[in-house]
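Asker: attaching a predicted model along with its sequence, questions to come.
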Amino acid sequence: MQHDVIPKSLNQPEPLRERVRTGVSMLTGVRTGAGMVVFTTMLLLIPLHARANMYDVIDEVDAFVAPPECLPMNWTAALNASEQATSFADPSLLPALGARCAIPGNELHGSFGQGRAGIVLSPMEKAAFYGPICPCRTSSAAGVEFRTCIAPLYAPTQINLQLANSTTVVVSFVSHESSPPMAPPVARLRLANDSSAGWDDLSGVSHWYQTSHSNTSNITELGGWRNSSCTGPLPGGGPRNSTVCEVRNITMHFIRFPSLEPRQKYTYQVRSGGSTRPSAWSQPYTFRAPYGHGAAAKSGGSNATRVAIYGDMGNTVGNNMENLRAGCASGTIDAVVHMGDHAYDMGNGDDYHGDAYMQAFQGVLATCPWLPVIGNHESTQGNGGDRVDASTEERYLNQTWGVIYGEDGAESETSTARTTATTSLGHLLTRSSFYGAGSHGASPSRTSQWYSLDLGLIHFVILDLDPGPPAVFSGAQAAWAAADLAAADANRVNVPWIVVTSHYPLYSATFYDEEAWGASAAWYDAEIAESERNGDGTPWSSTPHFEGCPGTATGNTETGSGANATSCATVKDVVEASIASLGALLDQYRVDVYAAGHVHSYSATWPIFGNAVAKKSYVDPHGTVHVVEGNGGVPGAHAHSKLMSCGKKNPPPIFRVCGLGMNYGRLVTTNASVLTYEHVVNADDHVMDSWSIVKTQPTVQ
C-alpha cells in the first residue's frame, strides 16, 4: 500500500510516543559459557573468518537501540579474545563500543538463500542478516545471545546520495513511523570548510509504504533456510503463521541538493517531517559535489574523473564497501556505479535484509554519491525463476506525483504501471534514480528504468536490458537511448567519453561454454542460474549451472531436442537480440565502453564493431570495449582473484582477458585522449589488470 505525502506544515504536533518498536526481535543463537552455540536442537561451532574488506558498521547505526527484551552487555564481555579478533574487522574498536549496536564486519554471510548447501552460520551472522545487532544476557550468567537492534521512531536510516546531474545530488533516506508524516522531509546544507556560513534549509518529498508479502513467492531451500518472507520459522526460532505476514511501515524520503559548486565539500543533516525535535536530525555528513560541467569538468589534475564501477554486491565479508569508503575519502574515486543485483536479496526476511544492506552501505553512500542500476534481483520483468510474488508486485504498481514508472517510460496522470522495483530497497533505488538523473540528468528520461547524466568527462547511460519477455530494450527505451546517444556524441567537445551500462552483458566468455549457448533464457535471467556453482566451477549442488528448454537434456545446445521438448528462448536468442538492437547504437554513436555485471566474473574484450573485433589494440580503437565486472561481493561466490584464459578449450578471440574473484573497476580520465580502466581486487585493493583507450585524435563529429 502506498500513499503520497503532500507537504503541509513543518509545525506538526509531536506524537506522544517518541520511540516504538518497528520490527520483530531476531534472536538467532545462544552461546553458552562452554563456548558452544545452541540453535534450536543443533550444536554449532562458531566459524572463524579471515580479514576482508568489509568494515565494522558502528557509527552508521548509532541511532539503533537494543530491543526491549534484551539485557545489554558489553561486547568485550560477550566475546572472548579469539572471537573479538575474528568477528570484527578492527577489534581495537571494541572497548569504546560498549554495549552499542553494530554489524561486525567479519560476521556477514550475505544471504540465507545464496550459498553452499548445508553452510553453517554463526549466531552473529544469523542476527546480522537482518540488521545491526547487540549482545544480550541470557538466563545463564555465562550465556550470550545476539539480537537484532531496532531503529527508534523517525530516526533517519539508510542515508545515501544519488547523483542527479553535474551540479545536483539527491539525498534519500528511510525512517519508520506510526503514520504518514504530515510535513515533508527537511535537510540543512552548508559549505564544509566555512563554519561561519549558515545552513541552507531544504525540503523534499516522502513516500509511505506498508510492506506485505504472500506465501506464493518462489522458494529456494539452501542450507535449510527458505528464500521467502512468510514461510518457515521466524528468525528467533519460533513458528511463523502460514497465512499472515508482518506489516511494516517504511517511509522513504528524497531531497534535492541543487546548484552545487563543482568539487566543493558540503556538510548536511536530514530528518523526517514527522518530528521537529532536535534529536530527530541525523548526524552530519560531508561529501564532495560533482565535477560541474564545461571548463570545471575539463580542468584535469585534481578534477580528474574517477568513478568506481561494478555489479553484483551484497552484505558479505569479502565485498568492496571498505574499498569504496577509503577510495572516496582519499580521492581515488569520487562516485560509485553499482550495475545491479543489490543485497542478495533485498526482499529476504520481510525486507529486513535489504534494510541491513543499505544501512551498512550508508558508510559509503552518505559521503560518496552513486548511480544504482537495477538488476534481475530487483526486477519484476521477464519469466525468470526469481520473480516475486503477486502481493510484492502489486505493492509497486503505483503512481507518484503524476509521473508513472511505466514499462514504456510514458507519463500518465491516471493509470498505473510496473516499475523495476520489487522490494522496499528496490523501490528506494528506483525512486532515488527518478528524483535524481531520471528527472535532472543530461537527457531526462522521466523514469528510473533508464536515464543518463554527464559526470565530469564521462557521459553515463544507464539502461534496463532485462531480456523479458517482452524484451525491455525496445519501444520508448530504445528511442530514448538513440536520442540520448546522438546528443552525447555531438557533445564530445565538452564530455569526450561515453560509457553505457546495464546489468546484462552483450559479450561474456561464459556464453561460449557449450552448455550455455543453448540454455534457457529464463534460467539465465534468474537468480538460481547465478547460484549453482562458485567461480572455479565447483558445483554447489547436483543441479547443473544451466538448464535447457523443458524436455531437453540439461545443457543441450540444440534447443527443442528430445521427445518431450518445448520451444523456448535461449541465451543465444536473447544475447543476439540485444547485440542486434543495442549493439547497432553502440556502433553508430561510437560508444567507448559498455559495462555490465550479472555474470559473476571479469572479462574485457578487444574493441567490437559490427559484432566483430575491430582491432586488437586500444589505440584509436574504432569500436566499443565490453567489460563484465560482475562480482563486487556475491555471497558465497569465489573470492580469490586471478586472471585466466577466457574459455575451457578454445578461448573466443574477441576477449583480451578474463578473471575470477571479488573485484571492482575504476574508470579514470583527465582529458579527451586517455580513458583508463583498472580491475581492482577487493581483498587488498591492488590493481590486477589495467588497460587504456588512447585516442590520438579526439572523437568529434
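Answerer: Right, received. Where do you want to start? Residues are numbered from 1 along each chain as shown.
Asker: surely Q359 is in a helix?
Answerer: Yes. Counting by DSSP: H, G, I helix; E, B strand; the rest coil, Q359 falls inside a helix.
Asker: quickly note the distance from it to M321.
Answerer: For Q359, the distance to M321 equals 11 Å [C-beta to C-beta, to the nearest Å]. Quick note: C-beta positions are derived from backbone N, CA and C, even for glycine.
Asker: does L260 touch V169 like I think?
Answerer: Yes. Counting by C-beta atoms under 8 Å, V169 is a contact partner of L260 at 7.0 Å.
Asker: overlap in contacts of these two?
Answerer: 289-290 (C-beta atoms under 8 Å, 6 or more residues apart in numbering).
Asker: who's more crowded, the two?
Answerer: Shown here are L260 and V169; by other C-beta atoms under 10 Å, V169 has more neighbours (26 against 21).
Asker: just checking, what packs against whichever strand or helix holds the more buried one?
Answerer: Secondary structure assignment for V169, by DSSP states H and E: strand 168-175. Applying 3 or more C-beta pairs under 8 Å, 6 or more residues apart in numbering; DSSP states H and E, we find strand 168-175 packed against strand 157-165, strand 249-257, strand 265-271, helix 424-433.
Asker: next one: the closest residue to S175 other than its chain neighbours from D62, what distance?
Answerer: Using C-beta to C-beta, 6 or more residues apart in numbering and skipping residues adjacent in sequence, the residue nearest S175 is S272, 4.4 Å away. Distance from S272 to D62, counting by C-beta to C-beta: 17 Å.
Asker: what do you get for W199?
Answerer: From W199 to D62 the distance is 21 Å (C-beta to C-beta).
Asker: and if you look at A308?
Answerer: 26 Å.
Asker: more neighbours: the two, which one.
Answerer: A308 (27 against 13).
Asker: A strand includes that one, no?
Answerer: Yes. Per three-state DSSP, A308 lies within a strand segment.
Asker: what about the spatially closest residue to P180 that is not a sequence neighbour, which SS state?
Answerer: Ranked by C-beta to C-beta, 6+ apart and with sequence neighbours excluded, the top spatial neighbour of P180 is W208, at 4.1 Å. Local secondary structure at W208 is given as strand here, using three-state DSSP.
Asker: may I have the beta-bridge partners of W208?
Answerer: Counting by DSSP bridges, W208 forms beta bridges with H3, T251.
Asker: would you check that it makes contact with R248?
Answerer: No. Using C-beta under 8 Å, W208 is not in contact with R248; the gap is 11.5 Å.
Asker: before we move on, back to that, right, and the helices and strands packed on strand 168-175 - which one's nearest P123?
Answerer: strand 157-165 (23.6 Å; C-beta to C-beta).
Asker: if you count neighbours, what's buried in the closest one?
Answerer: 157-165 (16 or more other C-beta atoms under 10 Å).
Asker: avg pLDDT for that strand?
Answerer: Confidence over strand 157-165 (mean pLDDT, whole number) is 89.
Asker: A81: neighbour count?
Answerer: For A81, using other C-beta under 10 Å, the count is 9.
Asker: can you tell me how far it is from L93?
Answerer: For A81, the distance to L93 equals 15 Å [C-beta to C-beta].
Asker: what does N160 give?
Answerer: Distance, N160 to L93, using C-beta to C-beta: 23 Å.
Asker: go on, E629?
Answerer: 31 Å.
Asker: those two: who's more crowded?
Answerer: E629 (30 against 17).
Asker: so who does that one touch?
Answerer: E629 neighbours (C-beta under 8 Å, 6+ apart): 309-311, 339, 595-597, 602, 663-665, 679.
Asker: of the residues you listed, closest to S508?
Answerer: A596 (8.1 Å).
Asker: which strand residues bridge Y268?
Answerer: In beta-bridge terms (that is, DSSP bridges), Y268 pairs with L189, Y285.
Asker: what pLDDT is listed against F287?
Answerer: Per-residue pLDDT puts F287 at 97.
Asker: put the alpha carbons of the helix or strand containing it into PDB.
Answerer: Here F287 sits within strand 285-288, counting by DSSP H and E. Output of strand 285-288 as PDB, limited to C-alpha atoms (Å, rounded to 0.1, in the frame of the first residue of the first chain):
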ATOM      1  CA  TYR A 285      27.900  14.000   6.800                       C
ATOM      2  CA  THR A 286      30.300  15.600   4.400                       C
ATOM      3  CA  PHE A 287      30.600  15.000   0.600                       C
ATOM      4  CA  ARG A 288      32.300  16.400  -2.500                       C
END
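Asker: where exactly do the helices run in the stretch 251-400 of the chain?
Answerer: Using DSSP state H, counting those that start in this stretch, the helices found in the stretch 251-400 of the chain span residues 321-330, 352-365, 390-395.
Asker: can you tell me which of these comes nearest to R100?
Answerer: The nearest among the helices of the stretch 251-400 of the chain, by C-beta to C-beta, is helix 352-365 at 14.1 Å.
Asker: now do that closest one: which elements does it pack against?
Answerer: Using 3+ C-beta pairs under 8 Å, 6+ apart: helix 352-365 touches strand 157-165, helix 321-330, strand 342-343, helix 424-433.
Asker: mean pLDDT for these: which is lowest?
Answerer: Of all the helices and strands packed on helix 352-365, the minimum mean pLDDT falls on helix 424-433 (a mean of 54).
Asker: what distance do you get for Y130 to I498?
Answerer: 41 Å.
Asker: I should have written V186 there, sorry.
Answerer: 37 Å.
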